[in-house]
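S.K.: sharing a model that was predicted from the sequence below.
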Amino acid sequence: MSGARDDRTGPVEQIEDDGMLSPGAMRRAAASLVERVRGGDLGSIPVIVGVVVIWTVFQLLNPVFLTSANLVLITMQCAAIGTIALGIVVVLLVGEIDLSVGSVSGLAAAILAVSFVQLQWNPIFALAAAITAGMLAGLLYGFLYTRFGLPSFVITLAGLLGFLGLQLWVLGDTGSISLPFDSFFVQFAQQMFLPAWASYTVVGVSVAAYALSLVRRARRRSAANLEAQSYVEIGIRSALLLVFLLVSAWYLNLSRGVGVMFLFFIGLVVAMHLVLSRTRWGRAVYAVGGSVEAARRAGIRVDRIYLSVFALCSSLAAVGGVLAASRLAAANQSSGGGDTNLNAIAAAVIGGASLFGGRGTAFSALLGVIVIQSISSGLTLLNLDSSVRFMVTGVVLVLAVIVDSISRRTRAASGRA
Amino acid sequence: MSNPVSSPPYRKRVLTMRGVSKHFGAVKALTDVDFWVNEGEVVALIGDNGAGKSTLVKILAGVHPPDGGTIEFDDEAVEIASPADSQALGIETIFQDLALCDNLDVVANLWLGRELVTSGGLDEVEMEQRTWTLLRELSAKVPSVRIPVAALSGGQRQTVAIARSLIGEPRVVILDEPTAALGVAQTAEVLNLIERLRERGHGVILISHNMADVLAVADRVVVLRLGRNNGVFSAVDATSETLVAAITGATQGGGSAPEPPAAPRGESGAPIIPMPSKSARRGSARTSRDDRNDA
């Protein structure tokens, strides 16, 4: 897995914080922001500050860090772990945990390699088999959790071992299977980059869609006599986002450009964000994380939510495993092993998904994985080996949990719980 | 009965329970209890701890099915086997713990499990608008509908819980100790809210330990003692003393002879209290109710 291999990582640019970077919008939002922060509702601020600090330090230590080439590498390293972390975010939202995502991703990698290379399956079937295996693992967890009430910690710890065993069994005696370099998977993960014009088109279309949705919402709200965003604010937000994304794309285009795999990951994050914030299922996920009993009494079928969440997490872990194997162009016995698990969970927590449930967004996975991979990349550039990297990542994780814990206490004290 | 309920022009009968019994193992929680509520009427249900108030409410909420007796809703016999049945009939129960999601805002809590959707997903605008309408109707004071409910005071949280129960336009609203944890001002706020519920035509069942609250807001007071009816009083005629006497058993059935000291509950399968005049009391209760039906 990429996490266990070389981990050069650098900054990715996609940090979504349009409102915070401009002095104008800052002043506008300053009052409410200060109010929120005082109340312990920190949102993404700590992690964005963290990214800035980490990038500054590494850039000072090694000028290669913020080069376009290194940033491109970091974006590509983010995709696999980030996809797994996205699943972890959803599980954390309902207040549970999945410790087996590494093993499940390794299992998916093994299934993909065996079916695609050894059995010569159609790549689509191989991919479907890998992801289905992940989904089944998640459904099994959900079944054990809802039927027998075992703690998810224990279920997934057992899964960690069990699916690692299954992965080794699937791989058989060979131990390592290479994916052909000209296959779609490897091309996708290693060679496919958007041409410059395409990257700018994607940026333009995304920002247009963002602005349009804001305008539509503002229109509907003012038509309904509700407080609505002004067009000026929408304009500023969209313009900031546009500038930010354009600069990012331009900078990445100085070397290889925007990787298709990275774009795929961003797409997953945005899709997950929309599902979590705009559907009844998403609302139910947050409700279950806030109070299971309240959700149950509100008529939400809590068991189904748990089942779907565990299945989604494991499926995303499987997708992450496929991405990692594609990037490595191989699946082997250590796929999904090493620090994959902990990096994914750490990314979700560092990004702001609360371990206590009910708080966090899909963007937590993106922000968190950028931090994790930046540290990894920076330390690798400094020729420090993995011993230091593990220790630094551990410290950052503890810091993130401390921030979560303190802000939770502040929220409780100021009645924002 | 010596305290027959005066019959103001109540509207239609919504819910009637006749001779309802419930036991848990050897413990007889309810024995032959009669209970009813009309539209636009606030019925207070009072009694000492273990009198069976919660059990009665849980039967109506569909948490426990009754062992005996009948429940009629709109003059039709019904069975309430699950909370979903109860809600489908139009009975909403607000338990003491309120069951709100602290991490969600007021709108999300109000519409939880019943969210309005459009083609583009959740219809936040419509939900927020209707939330405001409802809160204004209830004259409720909530600073913003877009803050997490954890940021609200106890009274405001109670308001949100009550407003949530009204989303489905229920016929009967059951409030379990709504003022137990509140200060003076917040209690007044909630009592006000109960008046609003009555004005809207909901039948309200109020469980409370607080005689002042009960007398301030209820139309009729039903006393349970050790799982049996122990009197029905009109709130206009009742005083704290008469109610306390009925609760403690100093008076029985609203004026019958004082009952003998009760054995500890649930020690055996035997009836908890000897009830010499049981059939007579039931008969009189029924008569009184029938009178009221005719009225």
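M.R.: Happy to help now that I have it.
S.K.: residue ranges of the strands in the chain, please?
M.R.: Here I'm looking at chain A. Under the criterion DSSP state E, strands of chain A are mapped to A:176-178, A:330-332.
S.K.: let me rephrase: I mean chain B.
M.R.: Going by DSSP E, chain B shows strands at B:13-24, B:27-38, B:42-46, B:68-73, B:76-78, B:91-94, B:117-118, B:121-122, B:172-176, B:203-207, B:220-225, B:228-234.
S.K.: quick one: B:Ala26 and B:Gly50, what's the gap?
M.R.: Applying C-beta to C-beta, to the nearest Å, the value for B:Ala26 to B:Gly50 is 14 Å. Just so you know, the C-beta spots here come from the backbone N, C-alpha and C atoms, and that holds for glycine as well.
S.K.: from A:Ser314, how far off is the spatially most central residue of chain A?
M.R.: Among the residues of chain A, the one closest to the centroid is A:Ala365, at 2.8 Å (C-alpha atoms, centre = their mean). As judged by C-beta to C-beta, A:Ala365 and A:Ser314 stand 15 Å apart.
S.K.: ok, A:Leu71 next?
M.R.: Taken as C-beta to C-beta, the span from A:Leu71 to A:Ser314 is 31 Å.
S.K.: look at those two and report which has more neighbours.
M.R.: Higher neighbour count among A:Leu71 and A:Ser314: A:Ser314, with 34 against 24, using other C-beta atoms under 10 Å in any protein chain shown.
S.K.: contacting residues around A:Val114?
M.R.: A:170-172, A:177, A:331 (C-beta atoms under 8 Å, 6 or more residues apart in numbering or on different chains).
S.K.: which of the residues you listed ranks first by neighbour count?
M.R.: A:Ala331 (35 neighbours).
S.K.: tell me the least confident of the contacts of A:Val114?
M.R.: Minimum pLDDT across the contacts of A:Val114 is recorded for A:Gly172, with 86.
S.K.: from A:Thr361, how far off is A:Ser354?
M.R.: 11 Å.
S.K.: oops, could you answer that again for A:Ala325 instead?
M.R.: Relative to A:Thr361, and taking C-beta to C-beta, A:Ala325 is found at 28 Å.
S.K.: before we move on, the earlier item: tell me which of B:Ala26 and B:Gly50 has more neighbours.
M.R.: Counted by other C-beta under 10 Å, B:Ala26 and B:Gly50 do not tie: B:Gly50 has more neighbours, with 16 against 11.
S.K.: quick check, that one in contact with B:Leu224.
M.R.: No. Contact criterion C-beta atoms under 8 Å: B:Gly50 and B:Leu224 do not qualify, at 9.7 Å.
S.K.: around chain B, pick out the residues from the stretch 101-250 of chain A.
M.R.: Within the stretch 101-250 of chain A, the positions lying close to chain B (C-beta under 8 Å from any C-beta of the partner chain) are A:217, A:220-221, A:224-226.
S.K.: which residues does residue 158 contact?
M.R.: Defaulting to chain A. Contact analysis of A:Ala158 by C-beta under 8 Å, 6+ apart lists nothing.
S.K.: actually chain B
M.R.: The contact partners of B:Gln158, by C-beta under 8 Å, 6+ apart, come to B:94, B:98, B:178, B:182, B:186, B:190, B:193.
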